[in-house]
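A.B. asks: please work out how this folds:
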Amino acid sequence: MKNIVLICAAGMSTSLLVTKMEKAAEAKGDDAKIAAYSIAEVNDVVKDADVVLLGPQVRYQEKTVKDAVAGRIPVDVIDMLAYGKMDGETVYAQALKLLEENK
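C.D. replies: Residues are numbered from 1 along each chain as shown. All right, here's what the predicted structure looks like:
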């Protein structure tokens, strides 16, 4: 099972995106756990994550998150256009690409 963590300012703005990403994973037949959390929860939630995606509004926290994962897993910022459109398929594809590149 893929464990994809989304990080945003309060963990709320990405909830619609999570739902759309879950639908994209289901359409591919993938077993994925996708959840959104606030930046304050990073240290607790990255322990079991396979990939972390940051909402564009917290892109300034990228170094903090990368430090928290210590190179163990990929961290990237969600494309602003895909985020704005709540394009779950594109963001899910971004997560899969990161996972594939970091095998």
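A.B. asks: least confident secondary structure element in the protein?
C.D. replies: Scoring the helices and strands of the chain by mean pLDDT, DSSP states H and E places helix 42-45 at the bottom, with a mean of 92.
A.B. asks: mind saving the C-alpha coords of that one as CSV?
C.D. replies: C-alpha atoms of helix 42-45 as CSV (Å, rounded to 0.1, in the frame of the first residue of the first chain):
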residue,chain,number,x,y,z
VAL,A,42,4.8,16.9,9.9
ASN,A,43,7.1,15.2,12.4
ASP,A,44,4.4,12.7,13.5
VAL,A,45,2.9,11.9,10.1
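A.B. asks: moving C-terminal from that helix, which element do we reach first?
C.D. replies: strand 51-54 (DSSP states H and E).
A.B. asks: and the contacts of the helix or strand just after that following strand?
C.D. replies: Toward the C-terminal end, the helix or strand that comes next after strand 51-54 (DSSP H and E) is helix 62-69. Applying Cβ atoms under 8 Å, 6 or more residues apart in numbering, the set of residues contacting helix 62-69 from outside is 7, 39, 42-43, 46, 49, 52, 54, 75, 77. Every C-beta, even on glycine, is put in place using the N, C-alpha and C of the backbone.
A.B. asks: the residues you listed into CSV, with extra columns for neighbour count and distance to Ser15?
C.D. replies: CSV is the format used below for the contacts of helix 62-69 (neighbours: other Cβ atoms under 10 Å; distance: Cβ to Cβ, whole Å):
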residue, neighbour count, distance to Ser15
Ile7, 30, 13
Ile39, 18, 15
Val42, 22, 17
Asn43, 12, 21
Val46, 22, 19
Ala49, 23, 17
Val52, 25, 17
Leu54, 25, 15
Val75, 25, 20
Val77, 19, 18
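A.B. asks: tell me the two of the residues you listed that are most distant?
C.D. replies: Across the contacts of helix 62-69, the longest distance by Cβ to Cβ is 18.8 Å; it joins Asn43 and Val77.
A.B. asks: would you mind measuring from Ala40 to Thr64?
C.D. replies: Separation of Ala40 from Thr64 (Cβ to Cβ, to the nearest Å) stands at 11 Å.
A.B. asks: scratch that, Ala10 is what I was asking about
C.D. replies: With distances taken as Cβ to Cβ, Ala10 is found 16 Å from Thr64.
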